[in-house]
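J.: Need the 3D shape of this:
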Amino acid sequence: MKQTEMASFSREEDNSHYQDAESENFLPEKNPGNKKYETEYHQGNASFGMSVFNLGNAIMGSGILGLSYAMANTGIALFVILLVAVAIFSLYSVHLLLKTANEGGALVYEQLGYKAFGMPGKLAASCSITMQNIGAMSSYLYIVKYELPIVIQALTGESGEWYTNGDYLVLLVSLVIILPLSLLRNLGYLGYTSGLSLLCMVFFLIVVIIKKFQIPCPLSDHIDAGNETFSKISNATVSPPNATAEDYNDACTPKYFVFNSQTVYAVPILTFAFVCHPAILPMYEELKNRSQRRMQGVANVSFLAMFVMYLLAALFGYLTFNVHVEPELLHTYSKVYKADIILLIVRLAVLTAVTLTVPVVLFPIRTSINQFLCASKFSWIRHTIITVALLAGTNILVIFVPTIRDIFGFIGASAAAMLIFILPSAFYIKLVKKESMKSVQKIGATLFLLCGFVVMIGSMSLIILDWVHNATEGHSDGH
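T.: Modelled structure (predicted):
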């Protein structure tokens with residue numbers, strides 16, 4: 001969705017020493033001012049370029065697969081406006097987070113919450129990060145559910161068997177590959193999968209751009225032989241018996257402003273795609289020649305690079321399929337052809353990356369749960385129970401929630417809104433004492449906080465209304 005795997009291990013170490021850090025008062029008051037955070041900690045060794053790469057990894061994730069769907073339901077112009085707005089808001093929240101870290105003296109998101117509001121603040125931060133990571137895990141397993149059956153069908157030429165059923169495959173992959181890796185005490189070597197994930201997404205973007213010029217519109221002109229799934233879709237939506245030239249032109253003409261029942265998912269999908277905030281502070285600690293301005297520069301370059309990638313992926317995916325793009329873009333290509341060797345390689349690369357990343361994303365959730373259980377000693381029984389429970393719950397979500405759009409939407413409207421808008425501004429208002437509430441900075445942070453509540457409450461309300469509407473329609477159709 002993604003976002004915190006590069007910082008999981010730093011966060012775990014910081015969390016494990018949380019009580020020690022608190023008791024040592026590692027930022028004494030004799031060093032006041034903005035520089036106290038930057039001078040008290042050990043000097044980092046990560047270069048500017050490597051920090052940009054690491055933060056790009058933290059931002060990039062499965063959220064990129066839902067952006068074309070968001071564009072199809074907002075139109076090109078409205079999507080670009082929303083994308084720019086969310087990117088700017090995310091950068092502003094990074095600014096608030098870095099400044100708050102300097103003043104509050106904390107390396108970990110949860111620790112800032114504790115310093116600002118005590119245990120409720122720590123709980124809010126921990127729950128938001130846990131929900132975000134569960135959303136990321138779910139989105140990764142959705143990719144397994146959607147893509148692995150297509151890969152197996154392409155390799156075996158068979159369909160309809162149990163081993164081409166996405167629900168069974170998710171359970172099998174979780175049991176055979178993800179669970180054993182997640183049970184390991186040290187997952188440090190899996191950190192390399194973050195780099196692999198980014199390379200896979202770059203490869204995916206290149207293929208999306210190329211395929212735009214290979215797949216004509218309407219799609220019915222380019223059907224893969226024997227593609228029964230596409231034939232059903234084609235008969236229902238792409239080429240109905242009474243289709244006219246105007247219908248084809250309308251389906252193939254890009255829209256600039258679109259408003260429909262699915263438009264409400266656009267902002268949550270975008271916020272989900274830009275969340276990286278739990279990874280900011282550990283990366284700040286490891287930055288060479290550390291300063292707030294330098295780390296803000298890292299964030300600016302990373303966000304700009306991801307903004308360009310997101311815009312290109314959304315635009316070319318939308319221009320390829322227009323109104324027929326699905327919530328998960330890569331799966332949409334199965335409408336046209338399943339046996340394309342380049343797409344098969346993309347699917348295998350993405351599947352490998354997301355499967356190996358799930359244990360990394362699970363790691364900080366388990367650490368956070370252990371902290372709240374006040375576990376001072378390692379226990380294999382507790383370790384195993386928490387891991388199995390988290391994986392089982394995530395699998396249930398993936399199997400029973402009908403579409404990845406709902407995961408993107410719900411997590412984006414709740415946890416992502418908390419991490420981007422609400423918590424950074426609330427922590428800033430509480431911990432940065434040297435600025436009065438009447439200062440421009442505090443007024444801006446207050447408005448940002450209110451904006452976060454509007455985004456979260458508004459998006460959640462509209463999404464729930466859409467769920468109720470769809471459930472009511474489905475119930476009516478069933479009778």
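J.: where does Ala279 land in three-state SS?
T.: helix (DSSP: H, G, I helix; E, B strand; the rest coil).
J.: residue contacts, Val207?
T.: Ile342, Leu343, Val346 (CB atoms under 8 Å, 6 or more residues apart in numbering). (Glycine included, C-beta is placed from N, CA and C.)
J.: Relative to Gly66, which of these is nearest.
T.: Gly66 has its nearest neighbour among the contacts of Val207 in Val346, at 16.5 Å by CB to CB.
J.: Low-confidence regions, this protein specifically.
T.: 1-43, 186-194, 218-250, 337-339, 374-375, 473-479 (pLDDT under 70).
J.: Give the PyMOL command for selecting the buried subset of the contacts of Val207.
T.: Selection of buried members from the contacts of Val207 for PyMOL, criterion 16 or more other CB atoms under 10 Å:
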select buried, resi 343+346
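J.: Can you tell me which of the contacts of Val207 is closest to Val308?
T.: Val346 (19.6 Å).
J.: That closest one sits in which helix or strand?
T.: Taking DSSP states H and E as the criterion, Val346 maps to helix 341-372.
J.: Remind me what that helix packs against, helices and strands.
T.: Applying 3 or more CB pairs under 8 Å, 6 or more residues apart in numbering; DSSP states H and E, we find helix 341-372 packed against helix 8-16, helix 119-156, helix 179-183, helix 192-212, helix 329-332, helix 380-400.
J.: Just want the angle from it to helix 192-212.
T.: Following axes from the mean of the first three to the mean of the last three CA atoms, to 10 degrees, one obtains 140 degrees for the angle between helix 341-372 and helix 192-212.
J.: if we take the contacts of Val207, which one ends up nearest to Val398?
T.: Using CB to CB, these come closest to Val398 at Val346, 21.0 Å.
J.: doesn't Ile206 make contact with that closest one?
T.: No. Applying CB atoms under 8 Å as the test, Val346 and Ile206 come out as separate, 9.2 Å apart.
J.: about what we covered before: any chance of the contacts of Val207 in JSON lines, plus distance to Gly317?
T.: Output for these, formatted as JSON lines (distance: CB to CB, whole Å):
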{"residue": "Ile342", "distance to Gly317": "15"}
{"residue": "Leu343", "distance to Gly317": "13"}
{"residue": "Val346", "distance to Gly317": "13"}
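J.: now, among the contacts of Val207, which is nearest to Leu287?
T.: Ranked by distance to Leu287 (CB to CB), the contacts of Val207 are led by Val346 at 33.0 Å.
J.: contacting residues around the closest one?
T.: So Val346 contacts Cys200, Phe203, Phe204, Val207, Leu330 (CB under 8 Å, 6+ apart).
J.: cool, and Ala72?
T.: By CB under 8 Å, 6+ apart, Ala72 lies in contact with Val258, Tyr318, Phe321, Asn322, Val323, Val325.
J.: same thing but 7 Å
T.: Ala72 makes contact with Tyr318, Asn322, Val323, Val325, according to CB atoms under 7 Å, 6 or more residues apart in numbering.
J.: Now rank the residues you listed by neighbours and give me the top one.
T.: Within the contacts of Ala72, neighbour counts (other CB atoms under 10 Å) peak at Tyr318, which reaches 26 neighbours.
J.: right, and it touches Ser68 too?
T.: Yes. With contact defined as CB atoms under 7 Å, Tyr318 reaches Ser68; the gap is 4.7 Å.
J.: Quick check: neighbours shared by these two?
T.: Common neighbours of Tyr318 and Ser68 (CB under 7 Å, 6+ apart) are Val325.
J.: ok, back up a step: ok, so of the contacts of Ala72, who is nearest Met119?
T.: Using CB to CB, Val325 is the member of the contacts of Ala72 that lies nearest Met119, at 44.2 Å.
J.: In this structure the closest one contacts Ala70, no?
T.: No. Between Val325 and Ala70 there is no contact under CB under 7 Å: 9.5 Å.
J.: residues near Ile463, how many?
T.: Using other CB under 10 Å: Ile463 sits among 20 other residues.
J.: Could you find the closest non-adjacent residue to it?
T.: Leaving out its chain neighbours, the residue that sits closest to Ile463 by CB to CB, 6 or more residues apart in numbering is Gly409, at 5.0 Å.
J.: Can you name the secondary structure element that comes next after the strand or helix carrying that neighbour?
T.: Taking DSSP H and E as the definition, Gly409 sits inside helix 404-411. As assigned by DSSP H and E, the chain's next helix or strand after helix 404-411 is helix 417.
J.: Can you name every helix or strand that whichever helix or strand comes after that following helix contacts?
T.: As assigned by DSSP H and E, the chain's next helix or strand after helix 417 is helix 423-431. With contacts taken as 3 or more CB pairs under 7 Å, 6 or more residues apart in numbering; DSSP states H and E, helix 423-431 sits against helix 76-104, helix 109-117, helix 119-156, helix 440-478.
J.: just to revisit the earlier point, tell me which of the helices and strands packed on helix 341-372 lies nearest to Thr357.
T.: Here helix 192-212 is closest among the helices and strands packed on helix 341-372 (CB to CB), at 5.1 Å.
J.: then that closest one to CSV, C-alphas only?
T.: Extracted as CSV, the C-alpha positions of helix 192-212 are listed here (Å, rounded to 0.1, in the frame of the first residue of the first chain):
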residue,chain,number,x,y,z
TYR,A,192,16.6,-6.3,0.2
THR,A,193,13.1,-7.1,-1.1
SER,A,194,12.2,-3.4,-0.8
GLY,A,195,14.7,-2.6,-3.5
LEU,A,196,13.3,-5.5,-5.6
SER,A,197,9.8,-4.1,-5.1
LEU,A,198,10.8,-0.7,-6.4
LEU,A,199,12.5,-2.2,-9.4
CYS,A,200,9.4,-4.3,-10.1
MET,A,201,7.2,-1.3,-10.0
VAL,A,202,9.5,0.6,-12.4
PHE,A,203,9.5,-2.4,-14.8
PHE,A,204,5.7,-2.5,-14.4
LEU,A,205,5.4,1.3,-15.3
ILE,A,206,7.6,0.8,-18.4
VAL,A,207,5.3,-2.1,-19.5
VAL,A,208,2.2,0.0,-18.9
ILE,A,209,3.5,2.7,-21.1
ILE,A,210,4.5,0.3,-23.9
LYS,A,211,1.2,-1.6,-23.8
LYS,A,212,-0.8,1.6,-24.3
